[in-house]
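A.B. asks: got a predicted structure plus its sequence, pasted below:
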2 protein chains.
Amino acid sequence: MQTGTAPSTQLVRRVNATAMLKAMRGGGILTGTELMAATGLSRATVISICDELVRLGWLQELENQRGAGDYVKGRPARRFAFDDSAASVIGIDIGATKITAIVADMAGTPLSRVTTPFRTYNVPANERADVLDRIAADALEKAGVTADSVLAVSVGVAAPVSREGEVLRAQEFWKSFDVRRIVSERHGWHVLLENDANLAALAERWQGTAQGVDNLVVMLAGDRLGSGILESGRLLHGHVGGFGELGFLDTVDGVGDTYGIAHYAALWGREALVAGAETKMRALCGDDPQTLTAEMVFRAAADGDEAAGGVLDRMAHRMARVVGSISTLVNPELVVIAGAVAASAGSLIPAMEQQIPDFTFTPPRLATSTLGDGIVSLGAIRHALDYVEEHALDLYPASASHQMAAAGPA
Amino acid sequence: MQTGTAPSTQLVRRVNATAMLKAMRGGGILTGTELMAATGLSRATVISICDELVRLGWLQELENQRGAGDYVKGRPARRFAFDDSAASVIGIDIGATKITAIVADMAGTPLSRVTTPFRTYNVPANERADVLDRIAADALEKAGVTADSVLAVSVGVAAPVSREGEVLRAQEFWKSFDVRRIVSERHGWHVLLENDANLAALAERWQGTAQGVDNLVVMLAGDRLGSGILESGRLLHGHVGGFGELGFLDTVDGVGDTYGIAHYAALWGREALVAGAETKMRALCGDDPQTLTAEMVFRAAADGDEAAGGVLDRMAHRMARVVGSISTLVNPELVVIAGAVAASAGSLIPAMEQQIPDFTFTPPRLATSTLGDGIVSLGAIRHALDYVEEHALDLYPASASHQMAAAGPA
DNA sequence: CATTTAAATTTATGTACTAAATTTAGAGAG
DNA sequence: CTCTCTAAATTTAGTACATAAATTTAAATG
């Protein structure tokens, strides 16, 4: 008698295998007994799933039994470890002036990082996919990783992106051709697209100041303001990806537009120079207001300069209004300021903290990002890893590819 | 040999039983064959789960076989129907001046509705739970339903409520005692608390204009503005329930505070009267500006009155700014205006639709609610039903209570 | 009353788990 | 070097829950 198995029955195996994989990912080297405790499954089940995951290429069984030396009596436990090098992912940040790509293993450890200057405007359409290709190839080579070990690529762009990966306002980089499809077809990679601020939020919760924070706003506050919002640990997108857009600041008192900290620091610093203020900023920029950068203003202020300090006071007030208005509507536990100026912006926090209660009944905690320049590409890594982890049982690590044919319908 | 079964094994039965229940809830009278198509399960499984759900009290098997007459040949199919009267839920809206309670069956059909005037301010603490008790008892009696058939009660309040049901700013109704616990203990009901605008959003998506809309903003726009936000079909709460609070409007140009349509319609109407305008509003309020209501202003404007029309133009502009700023950040597909003024506010929509693109790049569709006064209590019904449906397999309908003892650990 | 037919039941299998009994791989004692 | 001890792996038996195919069943009808 021929019999079959319903999808619903295989669900149990899937659920348990996923739980095992999750336990192994964070757990270093684990024995069957430890996995029983971690998953609540019986030894027979744990071992059988481990064997299967080894066969699939996600786990490695270590030869070196009894390595940890926790015990010495009894039959040595089999020791399994998640194979961090089983597969890799690529995170790409397409900024206004440069592209950054990071290749990482399954542990999220960056194996290489490549940055190329690039203007997203005015680039012939047929060159664009090639640029992506080249930087990905460079990063892979530098990482010493083959293209077929890549299971997902996540790309961050400075535009709204819907849950389905459609880019709104595609007139810039994406106009008239589908990067996703092209790159995907060339290499067989799964390509994800996401908004850059959203990726920054993922990065910040993963490795930054916001670890364990489920209701989070990350502000990219460089030249322009943008925000990524996590609620209950989920990224918010809205109807067509616009969730977190800050255009409403145009009509907010004391804010007026969406220019960021870097923009106004430089602008207001220049104004002070032109007005003839006696300030350390003058020396820093060689008395040429046009070369004054935000970073110089922060440096002068840190050095006790009064004019620069005045610029930062004004900035803190402006940002308190920005963060206050967002926090009223969104009620985050924490707001992280990220982007190019994050390293300097720490000096704004005390004044902001003091003023934010004037603008919201639910003031959030404030912090600046410590993740630096790579925050978006790091978030892209996390985004790609999320995808691979969720679909691990449907994907085949390169290390297992030679066994795929042998496995067959068995 | 003693054996047991892991929770993970029972998962399959749970998943399938839940799928069956869901198929039955919407499906009217269904046969085994129809359920096989709906769930993808085999006949044996479908029938076995049906038998179990009948035993639990959620389904009824109809005596009247072959009622529909779709076919006449062959063995008559057993016919099952979800028992709408298996259990009931209560939805309560605690407003500023009155409390409304609706009792509904599992189909969501209201069986009774009771409203009591009540000021939430300045009421002795010990009276508050009693008020809730009394109105619930009234509504149950009017519905002809016993208290033990109630499986969940949802209460809407005009304050932020966290995911866990904690009320922020508890100084009003909730100060110094835990309604949830008291009501729950008295009757054994599961009591849920939620923000009123959030419940309105649930109602609007359930039975209103927003059916099928997953990214939705519902504005309660009576005397004060409040909003409930659904993203991907999920209610947003933020850290302590403040998601959707509109206090930031205080600093938005041309808005300035969170007063609602009713407030400003009456206010601006009075201003016109005091300024001596020749207007039909004068007759409607008996030449006493203090008795002028928003409703009179809308009526006069509909009647072609120029001064009242001017008030509404100003209102549309103000609301366009409100909706525009929210829509930029939240990017909903649809914004529904609800609350006491919704019935009249339809006349504001065309002007708002015209102006909103000035304030957001992602203008949503606009609509007014047709659900009227009961929108919050209706949303509370939906909220309670959501809870019961999710936990159906752990709850016992009253109709099955006599079988609970007999079932035992079997 | 036999035939037809669609559905319900029954029977045989298969997957995936748990629990208990048994075996096994090393460590250490005699 | 063999024996004992022990913790883990493996094997065996049993349970839950599903499918598929064979069989039975309950009307409708010629």
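C.D. replies: Great, that's in hand.
A.B. asks: so A:Ala301 is in which element?
C.D. replies: Per DSSP states H and E: A:Ala301 is located in helix A:294-302.
A.B. asks: who's in contact with that helix?
C.D. replies: For helix A:294-302, the external contacting residues (C-beta atoms under 8 Å, 6 or more residues apart in numbering or on different chains) are A:261-263, A:265-266, A:268-269, A:279-281, A:284-285, A:307-309, A:311-312, A:340-341, A:344-345, A:347. (Each C-beta comes from the backbone N, C-alpha and C, glycine too.)
A.B. asks: can you list the buried residues in it?
C.D. replies: With burial defined by 16 or more other C-beta atoms under 10 Å in any protein chain shown, the residues of helix A:294-302 counted as buried are A:Ala294, A:Glu295, A:Met296, A:Val297, A:Phe298, A:Arg299, A:Ala300, A:Ala301.
A.B. asks: restrict those residues to contacts with DNA strand C.
C.D. replies: Residues shared between these and the neighbourhood of DNA strand C: none [C-beta under 7 Å from any atom of the strand].
A.B. asks: related to what we said a few turns ago, now list the buried members of the contacts of helix A:294-302.
C.D. replies: A:261-263, A:265-266, A:268-269, A:279-281, A:284-285, A:307-309, A:311-312, A:340-341, A:344-345.
A.B. asks: ok, whatever residue of the stretch 301-410 of chain A ends up closest to chain B - contacts?
C.D. replies: Nearest residue of the stretch 301-410 of chain A to chain B: A:Asn331, at 2.9 Å (C-beta to the nearest C-beta). By C-beta under 8 Å, 6+ apart, A:Asn331 lies in contact with A:Asn215, A:Thr362, A:Pro364, B:Pro160, B:His237, B:Gly238, B:His239, B:Val240, B:Gly241, B:Gly242, B:Phe243, B:Glu245.
A.B. asks: mind checking which helix or strand the nearest residue to A:Ala210 once chain neighbours are set aside is in?
C.D. replies: Counting by C-beta to C-beta, 6 or more residues apart in numbering or on different chains, A:Ala210 lies nearest to A:Glu204, which is 4.4 Å off, once chain neighbours are set aside. Secondary structure from DSSP H and E places A:Glu204 in helix A:196-207.
A.B. asks: likewise A:Thr45?
C.D. replies: helix A:43-56.
A.B. asks: does that helix come close to DNA strand C?
C.D. replies: Yes. Applying C-beta under 7 Å from any atom of the strand, one finds helix A:43-56 touching DNA strand C at A:Arg43, A:Ala44, A:Thr45, A:Ser48, A:Ile49.
A.B. asks: that helix vs DNA strand D: in contact?
C.D. replies: Yes. For helix A:43-56, a contact with DNA strand D is found by C-beta under 7 Å from any atom of the strand, at A:Arg43, A:Ala44, A:Ile47.
A.B. asks: kindly provide the distance from the residue of the stretch 251-400 of chain A found nearest DNA strand C to DNA strand D.
C.D. replies: In the stretch 251-400 of chain A, no residue comes nearer to DNA strand C than A:Leu393, which is 11.3 Å away by C-beta to the nearest atom of the strand. For A:Leu393, the distance to DNA strand D (C-beta to the nearest atom of the strand, to the nearest Å) stands at 20 Å.
A.B. asks: with just CA atoms, put the helix holding A:Glu204 into CSV.
C.D. replies: Only the C-alpha atoms of helix A:196-207 are listed here, as CSV (Å, rounded to 0.1, in the frame of the first residue of the first chain):
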residue,chain,number,x,y,z
ASP,A,196,19.1,52.3,4.6
ALA,A,197,17.7,53.6,7.8
ASN,A,198,15.8,50.4,8.4
LEU,A,199,19.0,48.5,8.0
ALA,A,200,20.7,50.8,10.4
ALA,A,201,18.0,50.0,12.9
LEU,A,202,18.7,46.3,12.4
ALA,A,203,22.4,46.8,12.9
GLU,A,204,21.9,48.9,16.0
ARG,A,205,19.8,46.2,17.6
TRP,A,206,22.2,43.5,16.6
GLN,A,207,25.6,44.9,17.6
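A.B. asks: show me what it is packed against.
C.D. replies: Using 3 or more C-beta pairs under 8 Å, 6 or more residues apart in numbering or on different chains; DSSP states H and E as the contact test, the elements touching helix A:196-207 are strand A:88-94, strand A:150-157, strand A:216-221, strand A:225-231, strand A:234-235, strand A:334-338, helix A:375-390.
A.B. asks: which residues of chain A score low on pLDDT?
C.D. replies: Low-confidence segments of chain A (pLDDT under 70): A:1-7, A:64-72, A:120-126, A:170-177, A:399-410.
A.B. asks: in terms of residue numbering, what are the domains of chain A?
C.D. replies: Here the domain parsing of chain A from automatic domain parsing is A:10-83, A:88-202+A:375-401, A:209-370.
A.B. asks: tell me where the stretch 301-410 of chain A has helices.
C.D. replies: Secondary structure of the stretch 301-410 of chain A by DSSP state H, counting those that start in this stretch: the helices cover A:306-330, A:342-345, A:349-355, A:375-390, A:401-407.
A.B. asks: can you tell me which of those is most buried?
C.D. replies: By mean neighbour count, with neighbours taken as mean count of other C-beta atoms under 10 Å in any protein chain shown, helix A:375-390 ranks first of those at a mean of 25.
A.B. asks: just want the angle from that helix to helix A:196-207.
C.D. replies: 70 degrees (axes from the mean of the first three to the mean of the last three C-alpha atoms, to 10 degrees).
A.B. asks: other SSEs contacting helix A:375-390?
C.D. replies: When contacts are defined as 3+ C-beta pairs under 8 Å, 6+ apart, helix A:375-390 packs onto helix A:7-27, strand A:88-94, strand A:98-105, strand A:110-117, strand A:150-157, strand A:191-195, helix A:196-207.
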